[in-house]
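Peer 1: how does the following fold in three dimensions:
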Amino acid sequence: QVHLVESGGGLVQAGGSLRLSCEVSERTFSSYFMGWFRQAPGRERDFVARINMDDGGALLEDSVKGRFTISRGDAKNSVYLLMNSLKPEDTAVYYCAAGSIGGGWSLFGQGTQVTVHS
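Peer 2: Predicted coordinates for the structure are as follows:
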């Protein structure tokens, strides 16, 4: 069974940076999109960013544009989220996801906690 394994979460002061990583457990796994979602306490899981694993095209949610950068690994079975200028409202559990056109987001990781304190 394929798993997505996130790492890199933690506690950071407002204005600081964190880099999240997501690795696919099976090297033969491939997906059209990989991305990140986040869920704050008491809220729904929200889209943050995605990247096309073939051409590297990226899409980011408006509130993180200019602060977050999504990128993929050379082997195309990993994805990263560089988060700069973090704000307390970025505090959430961040989930890695994989999906395909027409198939939606079909696979999620276990999540990694990001806490930003003021």
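Peer 1: rest of the way, CA atoms for contacts and neighbours
Peer 2: Noted.
Peer 1: residues near the residue nearest to Trp36 when sequence neighbours are not counted, how many?
Peer 2: Leaving out its chain neighbours, the residue that sits closest to Trp36 by C-alpha to C-alpha, 6 or more residues apart in numbering is Cys96, at 4.7 Å. Number of residues near Cys96 (other C-alpha atoms under 10 Å) recorded here: 31.
Peer 1: now Ala92
Peer 2: Other residues close to Ala92 by other C-alpha under 10 Å number 21.
Peer 1: tell me who's in contact with it.
Peer 2: By C-alpha atoms under 8 Å, 6 or more residues apart in numbering, the residues touching Ala92 are 38-41, 113-115.
Peer 1: which residues does it bridge with?
Peer 2: With DSSP bridges as the criterion, Ala92 is bridged to Val114.
Peer 1: also Glu23?
Peer 2: Counting by DSSP bridges, Glu23 is bridged to Val5, Ser78.
Peer 1: surely it touches Lys76?
Peer 2: No. Judged on C-alpha atoms under 8 Å, Glu23 makes no contact with Lys76 at a distance of 9.6 Å.
Peer 1: and the gap between the closest residue to Gln110 other than its chain neighbours and Ser118?
Peer 2: Setting aside the residues directly before and after it, Gln110 is nearest to Tyr95 in space (C-alpha to C-alpha, 6+ apart), at 6.6 Å. From Tyr95 over to Ser118 the distance is 23 Å, taken as C-alpha to C-alpha, to the nearest Å.
Peer 1: then Glu23?
Peer 2: 30 Å.
Peer 1: so for these two, which sits in the more crowded spot?
Peer 2: Glu23 (19 against 10).
Peer 1: residue contacts, the more buried one?
Peer 2: 4-6, 77-79.
Peer 1: quick one: least confident of those residues?
Peer 2: pLDDT across the contacts of Glu23 is lowest for Asn77, at 87.
Peer 1: isn't that residue right next to Phe33, touching?
Peer 2: No. Taking contacts as C-alpha under 8 Å, Asn77 lies outside contact range of Phe33: 10.5 Å.
Peer 1: so how far is the one helix or strand the residue nearest to Trp36 maps to from its chain's centroid?
Peer 2: Cys96 is located in strand 92-100, with elements delineated by DSSP states H and E. Strand 92-100 has its C-alpha centroid displaced from the chain centroid by 5 Å (C-alpha atoms, centre = their mean, to the nearest Å).
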